[in-house]
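**Student:** got a predicted model here, sequence first, then my questions.
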Amino acid sequence: MSDILGWKRVRIYILALLVLSGNMLCPLPVAAAQELVPTRFGLGGNLGSVYDPNEKIDFVQVVGLALFDYDAVWPHRAPEALRFKVEANLGLTTAPKMRVIASGNMLALYFLDRLRSSRLRPYAEAGIGLIYTDFQVDGQGLRINFNPQAGIGTEIETNRYGVWFTAFRLHHVSNADLHRDNRGINSVVLSFGRFF
């Protein structure tokens, strides 16, 4: 029974990755291309802390990201407030030892424009990626794992220093039962950075 549930979870993770990545290669209809929001690029950082398992593991990462109009990625019309984010993260654990942690993620980001003010533009985001950790907690079978995550954040517009962002995410690391040892790792992550 657990094998059946495990493969079901693997198929869901792989399907999410294929759907999100495969649609980036699809051509955009000409009519939709005329209405696209320009792609933006950003640079920032992540501060993370593991809360499950109960081990003291903290990490920092440098983040590079691109934020696309969702219509530019998916071959159909999407809500105006929807964006598609691709990001690459590279960093180190700072406790208990210094170890490399690297990941690539794809997320759908939706601006909550009903809550928008002159300076703040809140959003919710969720997605999945792949993560490499140069360490394993007890019961973790692999160092390359899936990395589903979700969170909320806001863009912060300033007059002199451009548009910044900050976000809070819940982070999960799992091999989806590709290995018999699949102890998940759950973290909270604070992200911040600036668009250019």
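**Tutor:** Received, thanks.
**Student:** name the nearest residue to Val172, sequence neighbours excluded.
**Tutor:** Just to correct that, residue 172 is His rather than Val. Pro148 (5.1 Å; C-beta to C-beta, 6 or more residues apart in numbering). For every residue, glycine as well, the C-beta is placed using N, CA and C.
**Student:** what about that neighbour, how many residues nearby?
**Tutor:** 18 (other C-beta atoms under 10 Å).
**Student:** and it, how far from Lys56?
**Tutor:** As defined by C-beta to C-beta, to the nearest Å, Pro148 lies at a distance of 23 Å from Lys56.
**Student:** how about Phe195?
**Tutor:** Phe195 is 33 Å from Lys56, by C-beta to C-beta.
**Student:** looking at these two, which one has more neighbours?
**Tutor:** Neighbour comparison, Phe195 and Lys56: the larger count goes to Phe195, with 16 against 8 (by other C-beta under 10 Å).
**Student:** and the helices in the chain, which stretches?
**Tutor:** 2-22, 30-33, 70-73 (DSSP state H).
**Student:** if I average pLDDT within each of the ones you listed, which one is lowest?
**Tutor:** When those are compared by mean pLDDT, helix 30-33 comes last with a mean of 45.
**Student:** any idea which helix or strand in the chain has the lowest mean pLDDT?
**Tutor:** The helix or strand of the chain with the poorest confidence is helix 30-33; it has a mean of 45 (mean pLDDT, DSSP states H and E).
**Student:** show me where the chain dips below the pLDDT cut-off.
**Tutor:** Applying pLDDT under 70 to the chain picks out residues 1-34.
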